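A.B. asks: I would like to see how this sequence folds:
(chains A and B)
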Amino acid sequence: MKSYFARRLLQLIPVLIGMSIVVFSIIHAIPGDPATVILGDHATPEAVVDLKAEMGLDKPIVTQYLSYVKGIVTGDLGTSLRTKKPIMDEAIPYLAATIELMLISMIIAIVVGVNAGILAAWRRASWFDYGAMLIALVGVSVPVFWLGLMEQWVFAEKLGWLPSTGRINAREPVETITGLLLLDTTIQGNWIGFWDALKHLILPGLALGTIPMAIIARITRSSMLEVLNVDYVRTARAKGLSELKILYKHSLKNAFAPVLTIIGMLVGLLLGGAVLTETIFGWPGIGRYIYDAIGSRDYPVIQSGILIVSTIFVFVNLIVDLLYARLDPRIKYR
Amino acid sequence: MKGPLLEVKDLKVHYPIEEGFLSKSGNVVKAIDGVNFSIYENETYGLVGESGCGKSTTGKAILRLIEPVVGEVIFEGKDINQISRKEMRKVYKDMQLIFQDPYASLNPRMTVGQLIEEPLIVNSNLNSGERKVRVSELLEIVGLNAYHAPRYPHEFSGGQRQRIGIARALALNPKIIIADEAVSALDVSIQSQVLNLLRKLQREFGLTYLFISHDLSVVKHISDRIGVMYLGRIVEQGTKHGLYDKPLHPYTQALFSASPTIKAESRKERIVLKGDMPSPTNPPTGCAFHPRCFAAMSKCKTVQPKLQNMGDGHYVACHLYDE
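C.D. replies: Prediction:
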């Protein structure tokens, strides 16, 4: 297991190198010269050339790439053109906010999606099945931004139950430890803060989690249907096991592999959806951070943001692969 | 003589055919349509018939692994078709099933030890240590070793897996085991090993078997009494010798003539049946076999024959033997 893990980590190196090349070249393919952006349209050509030299943009592209990689390896992602602060320091709180939002969305999506899928498969062709699958179909079809706006309109505007934007009530700041507010408030025993942070999380979490929830429900259902007809489930029933055990112990374990794969893929979807959700809900996350950077052509920030997001994706899928091997004894750690 | 251990009376399983999204049409598939037989303690009752005749459905219906089932299944004097699911789970202690496919019937995510132990957790008072001992004991009984317990099913061959299935079925000391095509998926040489194991276990533990198979030679080898099924009904029933020496029903005769033998002198001319087995959605009127029967009379088209006693425990449902 340990050597398998080490090997998988080594295999990531070419992936990460490829990723850095792609991220690096995308930015260079985008029109708009950062030096001109910084200095404004009325800058003299000499000033632009000077600034380019200062930023190293006049050097050959390979040199630029190498210094970029050197920066990444040493933990230096450059400085933001807009704020002039190191991106590494700036990005971390944003990243924490996004991770918290994604975790909540994923928990909602998995808990609701998996259970709905199991029930729908168990009571196949019942009203629950038809109802749940119809909702799931609507769920995958609804755009995140529309859902987010509707939620805000109903729960914040009309009913006034939940706050529509932000992460926490600004008047009662929480001391940062991990950056995950739910965790920080728990550590500090600040239950008012915890409740407040949770209330802020519900709407964006639901908006972001709906599509994954619907996809997970549908995959779980079809995967469970296959398993429920297999002989070993009949064996389990003939052993006199309760339905609960048959469903969750014997069937789900076997039906879970495709669900797990999808969950890994959905993390990518969530990262994309996070940009929209965070913009709508004023969530100070990495998506918003990138979004704002795009608006101001802050290209080192865009570059680093994409790099961070894709690194998360790669590592989540590594975890999925490891869990896969855990889940199915037939997969050898080769 | 003691009463039967298991008695099946007029067992029916009808599946509705669903037409569309919400509507159900009136049509049904009569998977089994009025099956009657009894099994006595310590005997092996063989159920034969071609694919799709309802043999496996009968086995599963007795254990209520498919629903809904109409009719009576009397086990030790109690109609287990009427009791609740919860009570039924206790019946599984005495009645167990061995499946056809040793690859599909063992959960691939559980070790062999866990698989065999599980019925003990549900239906016995043994503690964890005692259960482990029992698992090792069961593995030894079926010719495997105690050290196989922590392995997963995929690490075993087909014959070994079937032994695991048997060990699992034996775990709670059942009274009756329903073996649904228990050896069909195995090589011939392995088949005989498993059959001999089943017979040995029957002698040692006084087991009763309902042995379901399409393989006539296998059924002949292991059974005491045999029922022949056709399109959801038993058309002939008798002792092994009575049936094999003197098959009465034209279907049984055709079936036996199709089974290959080695001895030249016992080779009979093969009776070739016309057409396929009719669909159970719309079975022929009268005797269900009449469209394919070489001895059909006009009466067969209209009147359904009843099982009649021909002496020596030999029953047949055919108008040829009407008074």
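A.B. asks: dump the residue contacts of the residue most central in space within chain B.
C.D. replies: Taking Cα atoms, centre = their mean as the criterion, residue B:212 is the residue nearest the geometric centre of chain B, at 2.8 Å. For residue B:212, the contact set (Cβ atoms under 8 Å, 6 or more residues apart in numbering or on different chains) comprises B:46, B:47, B:55, B:56, B:58, B:59, B:178, B:179, B:180, B:181. From N, CA and C alone the C-beta is placed, and that goes for glycine too.
A.B. asks: Tell me how far it lies from chain A.
C.D. replies: 14 Å (Cβ to the nearest Cβ, to the nearest Å).
A.B. asks: For that residue, give the beta-bridge partners.
C.D. replies: residue B:47, residue B:180 (DSSP bridges).
A.B. asks: okay, now residue 246: neighbour count?
C.D. replies: Here I'm looking at chain A. 19 (other Cβ atoms under 10 Å in any protein chain shown).
A.B. asks: Can you look at chain B instead?
C.D. replies: 13.
A.B. asks: With adjacent residues omitted, what lies nearest to it?
C.D. replies: In space, and not counting its chain neighbours, residue B:246 is closest to residue B:314: 7.9 Å by Cβ to Cβ, 6 or more residues apart in numbering or on different chains.
A.B. asks: From what I see, the one you found and residue B:240 are in contact.
C.D. replies: No - if you go by Cβ atoms under 8 Å, residue B:314 and residue B:240 don't touch, sitting 11.1 Å apart.
A.B. asks: Could you find the closest non-adjacent residue to the closest residue to chain A within the stretch 201-323 of chain B?
C.D. replies: Of all residues in the stretch 201-323 of chain B, residue B:210 sits closest to chain A, at 13.5 Å by Cβ to the nearest Cβ. Leaving aside its chain neighbours, residue B:210 sits nearest to residue B:178 (4.6 Å; criterion: Cβ to Cβ, 6+ apart).
A.B. asks: where does the one you found fall, helix, sheet strand or coil?
C.D. replies: Classification of residue B:178 by DSSP: H, G, I helix; E, B strand; the rest coil places it in strand.
A.B. asks: in terms of contact, does it touch residue B:97 like I think?
C.D. replies: Yes - under the criterion of Cβ under 8 Å, residue B:178 makes contact with residue B:97 at 4.9 Å.
A.B. asks: just to revisit the earlier point, let me see the confidence value for the residue nearest to the centre of chain B.
C.D. replies: pLDDT, the model's per-residue confidence, is 93 for residue B:212.
A.B. asks: how close does it get to residue A:215?
C.D. replies: Going from residue B:212 to residue A:215 by Cβ to Cβ, to the nearest Å gives 42 Å.
A.B. asks: Output the lowest mean pLDDT helix or strand found in the chain.
C.D. replies: Defaulting to chain A. helix A:34-39 (a mean of 70; mean pLDDT, DSSP states H and E).
A.B. asks: The intended chain is chain B.
C.D. replies: strand B:24-39 (a mean of 80).
A.B. asks: For the stretch 201-334 of chain A, which residues are neighbours of chain B?
C.D. replies: In this structure, the stretch 201-334 of chain A approaches chain B at residues A:230-232, A:234-242, A:250, A:253-254, A:327-330, judged by Cβ under 8 Å from any Cβ of the partner chain.
A.B. asks: Make a PyMOL selection of whichever of those residues turn out to be buried.
C.D. replies: Buried members of those, defined by 16 or more other Cβ atoms under 10 Å in any protein chain shown, are picked up in PyMOL with:
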select buried, chain A and resi 230+231+232+234+235+236+237+238+239+240+241+250+253+254+328+329
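A.B. asks: Helices - which of the residues of the stretch 201-334 of chain A next to chain B land there?
C.D. replies: If you go by DSSP state H, those have A:231, A:232, A:234, A:235, A:236, A:237, A:238, A:253, A:254, A:327 in helices.
A.B. asks: Verify the stated contact: the second one with residue B:103.
C.D. replies: In other words, residue A:232. No - look at residue A:232 against residue B:103 with Cβ under 8 Å: they stay out of range, at 9.6 Å.
A.B. asks: any idea how far the residue in chain A sticking out farthest from the centre is from residue A:59?
C.D. replies: The centre of chain A is farthest from one residue, residue A:46, which by Cα atoms, centre = their mean lies 43.1 Å away. Residue A:46 sits 19 Å away from residue A:59, going by Cβ to Cβ.
A.B. asks: just residue A:95 next, same as before
C.D. replies: Residue A:95 is 30 Å from residue A:59, by Cβ to Cβ.
A.B. asks: These two: who's more crowded?
C.D. replies: residue A:95 (18 against 14).
A.B. asks: Return the set of buried residues in whichever strand or helix holds the more buried one.
C.D. replies: Taking DSSP states H and E as the criterion, residue A:95 maps to helix A:87-122. Neighbour-count burial for helix A:87-122, counted by 16+ other Cβ under 10 Å, picks out A:87, A:90-91, A:94-106, A:108-110, A:112-122.
A.B. asks: List the contacts of whichever residue of the stretch 151-300 of chain B sits closest to chain A.
C.D. replies: Nearest to chain A in the stretch 151-300 of chain B, going by Cβ to the nearest Cβ, is residue B:152, at a distance of 4.6 Å. Listed by Cβ under 8 Å, 6+ apart, the contact set of residue B:152 reads A:329, A:330, B:108, B:109, B:110, B:111, B:112.
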